[in-house]
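Participant: sequence and predicted model, in that order:
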Amino acid sequence: MIKVFITGVLTLLVGLLSAPTWAVLTIEITEGQDTGIPIAVVPFQFQGQQRPNADIRNIVSADLYRSGRFLSLPPGDFLSRPSDPDQVRFKDWRLIKAEALVIGRVSELGNDHYEVSFYLYNVFKEKLLAGYRWTVGSSQLRQVAHQVSDYIYEALTGIPGAFDTRIAYVTVEKDSGNTRQYQLMVADSDGYNAQQILRTNFPILSPAWAPDGKRLAYVSFASRTSGAMIWVQNIETGERRKLLQEKGTASAPAWSADGRRLALRLSRDGNHDIYILDVAASRLTRLTKHPGIDTEPAWSPDGRYLVFTSDRSGRPHIFRISAAGGPAQRLTRVGRENAGASYSPNGKHLVMVTNQGNGDQIGVFYTGNKQLTVLTDGPLDDSPTYSPNGAMIMYATQRGNQGVLAAVSADGRIKQILRLHQGEVREPAWSSRKQ
Amino acid sequence: MRRIFHFSLVLLLSVVLVGCALNKKKGSAEVEDSSVNLQADATSSGLSSDDSGSAQVLVTSDNTLDLDDPLGTRVIYFEFDSNALTPEAQRIVEAHAEYLAGNPGMAVVLEGHADERGTREYNLALGERRANAVADLFQAMGVMPDAVRSISYGEERPVAMEHDESAWSLNRRVEILY
Amino acid sequence: MNRAVRKFSRPVRAVILAVLVHVAFGLLLGLSLSFKPQVIKPSIAKPVKAIVIDRSTITQEETNKKEAEKKRKKEAEKKRKKEAEKKRKAEAAREQEKQDAYSALGSLVGAIKGKIEGNWSNRLACSGQEVTISVKVNVSGEVTAVKVVGDSGDDACRRSAENAVYKASPLPFPDNPRFFKWLDQEFQIIFKPDI
């Protein structure tokens, strides 16, 4: 009897337990498309007689695409083309699955002046996120477009944009006499509006922006019988001067964040070492003293440290030293060689040229766990430079047999070649200062 | 008759002597001429020249003009990532050192170069190291420091543009320029 | 034994008892002699008409009654049973419907997940983060409400998750309207990229 009873109770219990009792259904999502935020940038409506050369919509769309964080939807898919807030029908944009919408207008004011305005919307929430208006001359329209891109980028990613910035780079061309001509160029971050800053038969290397964005330091040669020297040139006035009156050669200039000091490589006594120049006082302080080659100094954003390349332990590797002097600590231990390091704007990463058996590649070193991640394929990649918001890295690479510049997102996912110039392009430097 | 014979003999001798002297000079001019021709060849195959207009010798290693005259060789080569002088390089450098030591009026520029691997700044330093290695040997052999200028172009002025070891080995060099 | 009785010896006790018994009997006898029975004279018997009682009908009636009763009881019982059975069946049917609804939804979880994944365009915004969205749907699977649950994830990450859900609407949902009453119209989605 008891047996039966127990069996009965057990059966009941089992019956109760197996009936599904639903708490809230929870689904976990780990995968996605990683195409970037789908954004619809509607061609800006133009009011006037003379259409300007700069097409705001195309510049913004190209900027957002180049950042790797956005998918700019093709205008051919748009169901309507609003240019004013009251023309916006959010359903049209939900249907094509745009997460964000940009509309705008360019109006000719006469006297070669234009008014530009734009609005940015969150489509599914039907909410206005940003709206701005400018009055500018036609020559500033590209810059306005980059500022529009910056507003959009920051509103949707939380990170400040770096589209309204400039880059410096070196080009090499053969002239009619088959002599190599070197040019130091400054352009917008998308390669447009390139201006020649310097032209010479002698090589130009290592352009470095002063923090005020008005001056460039660079390395070149005064004559056939003189070695490398550092010049500082004012981009606006063209005025240039030699930085040092030294017997030895000098190169690898690096400005401190406050622009008051320049770290550089000097070979006073035949030895290549790092020195710091107090610009105002014209006073040189020696930072390293070692028979090996010490070169390529770069400041930490807080100005407390410098990293540099040294072959004191055999092959070139990255070392770190306090700006006040002292012993140098080796940072990189993996790979055959590591050189040309510089800090990310937040000071947490170093981008550098690394050789791990596949030639020269661009790598990012995380100071926290000392891990080095390779971002590019090589085998002849060089001169990496961070964008001012740390989201992208520009570097020199080869395409076919040509030197070209490329940009890669800081996580390595999106790469793009910059179409800049005929001939060889190299040595990019990204200005941290908005114009 | 005899006088004419003697006179013509003397004339002949002097002509011969002068001719010999001239020949010597002409020899060096020939070297120069040939080197100018080489430069012309070099330029058309894409090697650089600079703007100063003075003849700059760029020769390849198998272009020694006088079979055993190391003075005719104006380029020495290096191993990867090294500034050590090979025995062959040493032989050449010593020959030039002797010449310079014996001709105090002459001056040279030592141009150091590197192949394209590695960063530009590091290669600039490496080229300078190589030029200094030659300069040090010159000094050790009695050449006055003022007669020697060491500079470096790093990887900026290659003679061979390909991206392989045969090109790189030609670019790792110091050029001795008078 | 009380002390009073212990005073007397055995023979004395026996005598007392005998006397008492004799007295009691004497009284009884006397009382009975005083009662004289009354004589009742019987009345004269009247002649009664004889009715034939059909016993069998009675029995039959009784049996019928009994049987009707039985039948009634049986039928009531049957009815009751039938109704209980109906109830049970209905209950079971409901239960089955509930199970079917759950399993229909369960078999669609994969499709729901796939559709949301296909619409999560900006996974990078949630790198290293996690955000939970509460979603309400109507009977056609259309998303009627989206809400961020809790406090984690920055603005860009939350937006990317919300947009993934909006764009995935209508979500695959069991299309049998009978199922809808069983299912929570509200469920939760945890966005947690592995990058």
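Facilitator: Sure thing, it's come through. Model, not experiment: these values are computed from the prediction. Residues are numbered from 1 along each chain as shown, chains lettered A, B, ... in the order given.
Participant: would you map the strands across chain C?
Facilitator: Assigned by DSSP state E, the strands in chain C fall at C:131-137, C:143-149, C:186-191.
Participant: next up, the contacts around A:Leu141.
Facilitator: A:Pro52, A:Asn53, A:Ala54, A:Ile56, A:Val106, A:Tyr114, A:Val116 (CB atoms under 8 Å, 6 or more residues apart in numbering or on different chains). To be clear about C-beta, it is placed using only N, CA and C from the backbone, and glycine gets the same treatment.
Participant: shaky segments in chain B?
Facilitator: Scanning chain B for pLDDT under 70 picks out B:1-68.
Participant: average model confidence for the top helix by length along chain C?
Facilitator: Identified as the longest helix of chain C according to DSSP state H is helix C:55-119. Across helix C:55-119, the average pLDDT comes to 85.
Participant: picking up where we left off before, between the contacts of A:Leu141, which is closest to B:Ala84?
Facilitator: A:Ala54 (56.9 Å; CB to CB).
Participant: check contacts around the closest one.
Facilitator: A:Ser138, A:Leu141, A:Arg142, A:Ala145.
Participant: kindly report the same for A:Thr397.
Facilitator: Contacts of A:Thr397 by CB under 8 Å, 6+ apart are A:Thr376, A:Leu380, A:Asp381, A:Asp382, A:Gly403, A:Val404, A:Leu405, A:Ala406, A:Ile417.
Participant: ok, and of the residues you listed, which contact chain B?
Facilitator: A:Leu380, A:Asp382 (CB under 8 Å from any CB of the partner chain).
Participant: how about the residue positioned nearest the centre of chain A: what's its closest non-neighbour residue?
Facilitator: Closest residue to the average C-alpha location of chain A: A:Ser387 at 2.4 Å, with CA atoms, centre = their mean. Distances taken as CB to CB, 6 or more residues apart in numbering or on different chains put A:Ala162 closest to A:Ser387, at 4.2 Å, once the chain neighbours are dropped.
Participant: make JSON lines out of the strands of chain C and add mean neighbour count, mean pLDDT and distance to B:Ile151.
Facilitator: Listed next are the strands of chain C as JSON lines, based on neighbours: other CB atoms under 10 Å in any protein chain shown; pLDDT from 0 to 100; distance: least, CB to CB, whole Å:
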{"stretch": "strand C:131-137", "mean neighbour count": "20", "mean pLDDT": "94", "distance to B:Ile151": "60"}
{"stretch": "strand C:143-149", "mean neighbour count": "14", "mean pLDDT": "93", "distance to B:Ile151": "65"}
{"stretch": "strand C:186-191", "mean neighbour count": "20", "mean pLDDT": "91", "distance to B:Ile151": "60"}
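Participant: now the residue nearest to the centre of chain A: how far from chain C?
Facilitator: According to CB to the nearest CB, to the nearest Å, A:Ser387 stands 16 Å off from chain C.
Participant: interface residues of the stretch 1-150 of chain A facing chain C?
Facilitator: Close to chain C, as judged by CB under 8 Å from any CB, the stretch 1-150 of chain A has residues A:20, A:22, A:24-38, A:69, A:71, A:94, A:97, A:99, A:122, A:124-125.
Participant: drop anything exposed from the contacts of A:Leu141.
Facilitator: When those are checked for burial by 16 or more other CB atoms under 10 Å in any protein chain shown, the buried set is A:Pro52, A:Ala54, A:Ile56, A:Val106, A:Tyr114, A:Val116.
Participant: okay, domains of chain B per the record?
Facilitator: By the assignment in automatic domain parsing, chain B contains the domains B:1-49, B:59-177.
Participant: who's in contact with the closest residue to B:Ala107 other than its chain neighbours?
Facilitator: Once flanking residues are discounted, B:Ala107 sits nearest to B:Ala147: 4.8 Å by CB to CB, 6+ apart. By CB under 8 Å, 6+ apart, the contact set of B:Ala147 is B:Leu100, B:Pro104, B:Met106, B:Ala107, B:Val108, B:Phe138.
Participant: nearest residue to the last one in space, please, no chain neighbours.
Facilitator: What it means is B:Phe138. B:Phe138's closest residue in space is B:Ala97 (CB to CB, 6+ apart), at 4.8 Å.
Participant: next up, the contacts around the one you found.
Facilitator: B:Leu137, B:Phe138, B:Ala140, B:Met141, B:Gly142, B:Val143.
Participant: could you check how far the last one is from chain A?
Facilitator: Look at B:Val143 and chain A: by CB to the nearest CB, they are 16 Å apart.
Participant: please verify my assumption that that residue contacts B:Ala101.
Facilitator: Yes: at 5.2 Å, B:Val143 counts as touching B:Ala101 under the criterion of CB atoms under 8 Å.
Participant: of these two, which one has the most company?
Facilitator: Using other CB atoms under 10 Å in any protein chain shown, the more surrounded residue of B:Val143 and B:Ala101 is B:Val143, with 24 against 16.
Participant: helix or strand for the spatially closest residue to the more buried one that is not a sequence neighbour, which one?
Facilitator: If the residues on either side of it in the chain are set aside, B:Val143 comes closest to B:Leu100, at 4.5 Å by CB to CB, 6+ apart. Counting by DSSP states H and E, the element that carries B:Leu100 is helix B:87-102.
Participant: I'd like the next helix or strand past that helix.
Facilitator: strand B:108-113.
Participant: paired strands for that following strand, with orientation please.
Facilitator: strand B:148-154 (parallel), strand B:173-177 (antiparallel) (DSSP bridges).
Participant: hmm, back to that, return a PyMOL selection command for the buried portion of the residues of the stretch 1-150 of chain A next to chain C.
Facilitator: Command for PyMOL that selects the buried part of these, burial taken from 16+ other CB under 10 Å:
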select buried, chain A and resi 25+27+29+32+34+36+37+38+69+71+94+97+99+122+124
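Participant: narrow the residues of the stretch 1-150 of chain A next to chain C to those in strands?
Facilitator: A:Thr26, A:Ile27, A:Glu28, A:Ile29, A:Ile37, A:Pro38, A:Leu71, A:Asn122.
Participant: next, format those as TSV and append pLDDT.
Facilitator: Listed next are those as TSV, based on pLDDT from 0 to 100:
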residue	pLDDT
A:Thr26	87
A:Ile27	90
A:Glu28	91
A:Ile29	93
A:Ile37	96
A:Pro38	97
A:Leu71	94
A:Asn122	97
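Participant: of all the residues you listed, which two lie farthest apart?
Facilitator: Greatest spatial distance in those: A:Thr26 and A:Leu71, 29.1 Å, computed using CB to CB.
Participant: list just the nearest of the buried ones among the contacts of A:Leu141 to chain C.
Facilitator: Chain C lies nearest to A:Ile56 out of the buried ones among the contacts of A:Leu141, by CB to the nearest CB, at 23.9 Å.
Participant: distance of the closest one relative to A:Glu154?
Facilitator: 18 Å (CB to CB, to the nearest Å).
Participant: likewise A:Met229?
Facilitator: 41 Å.
Participant: then A:Phe44?
Facilitator: Distance from A:Phe44 to A:Glu154, by CB to CB: 20 Å.
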